[in-house]
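Asker: What follows is a predicted structure for the sequence shown.
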Amino acid sequence: MAVRIGEFSIDCSDPMVAAEFWCAALGYRITDQDDTDVAIAGDSSAPTILLLATSDVKAQKNRLHFDVCPVDTTQSEEVLRLEGLGARRVDIGQGDDVSWVVMEDPVGNEFCVMRTVLPPEPEPFHHLDEAHSDDEKDRE
């Protein structure tokens with residue numbers, strides 16, 4: 001029997017800032033939060049991302065990072081969009097002759113933007129859509 005990844009947990013200095021960036025970048029939304037962490041999710045078949053508050057100072061590059069792929073743009077257009085959301089390009093020693101762009105999110109966690117274009121996540125957006133829709137109706 002195999003296992004599946006249910007959630008990625010990422011330490012960061014400001015979980016809400018990280019969550020807002022990653023929600024905008026990935027088309028995800030916040031699904032849960034408390035005083036120390038924020039959970040975000042996309043399609044129900046994909047793992048959730050849990051952003052955990054830490055006071056630890058980041059001293060080196062992440063040991064694990066995301067490789068993100070554009071879904072309806074080119075790599076260079078996606079890099080510009082992500083910069084507009086608060087990411088920045090960084091040099092972690094990758095050199096000039098690579099096919100990816102290394103960036104940091106607004107709280108300093110690295111990720112790479114790949115050249116490969118992938119299809120968007122399938123609908124419905126998330127298994128929590130029904131609860132979210134009910135909440136929206138209650139507010140109207």
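Answerer: Now that the structure is in, tell me what you want to look at.
Asker: which non-adjacent residue is nearest the residue nearest the centre of the chain?
Answerer: Nearest to the geometric centre of the chain sits residue 22, at 3.6 Å (C-alpha atoms, centre = their mean). Residue nearest to residue 22 in three dimensions, not counting chain neighbours: residue 40, with 5.9 Å by C-beta to C-beta, 6 or more residues apart in numbering. From N, CA and C alone the C-beta is placed, and that goes for glycine too.
Asker: name the helices or strands packed onto the helix or strand residue 24 falls within?
Answerer: Assessed by DSSP states H and E, residue 24 sits inside helix 15-26. Under the contact definition 3 or more C-beta pairs under 8 Å, 6 or more residues apart in numbering; DSSP states H and E, helix 15-26 sits against strand 29-33, strand 37-41, strand 48-53.
Asker: Now do the second one and helix 15-26, the angle between them.
Answerer: Angle between the axes of strand 37-41 and helix 15-26 is 10 degrees (criterion: axes from the mean of the first three to the mean of the last three C-alpha atoms, to 10 degrees).
Asker: neighbouring strands for strand 37-41, and are they parallel or not?
Answerer: Here strand 37-41 is paired, per DSSP bridges, with strand 29-33 (antiparallel), strand 48-53 (antiparallel).
Asker: hey, which of those is tucked in deepest?
Answerer: Highest mean neighbour count of those: strand 48-53, a mean of 20 (counted as mean count of other C-beta atoms under 10 Å).
Asker: before we move on, the earlier item: quick one, which of the strands paired with strand 37-41 is nearest to residue 2?
Answerer: strand 48-53 (19.1 Å; C-beta to C-beta).
Asker: Average the pLDDT values over the closest one and round to the nearest integer.
Answerer: The pLDDT scores in strand 48-53 average 96.
Asker: I figured the residue nearest to the centre of the chain hits residue 105, correct?
Answerer: Yes: shown here, residue 22 and residue 105 form a contact pair, counting by C-beta atoms under 8 Å, at 6.9 Å.
Asker: show me what contacts residue 110?
Answerer: 61-62, 65, 90, 92, 102-104 (C-beta atoms under 8 Å, 6 or more residues apart in numbering).
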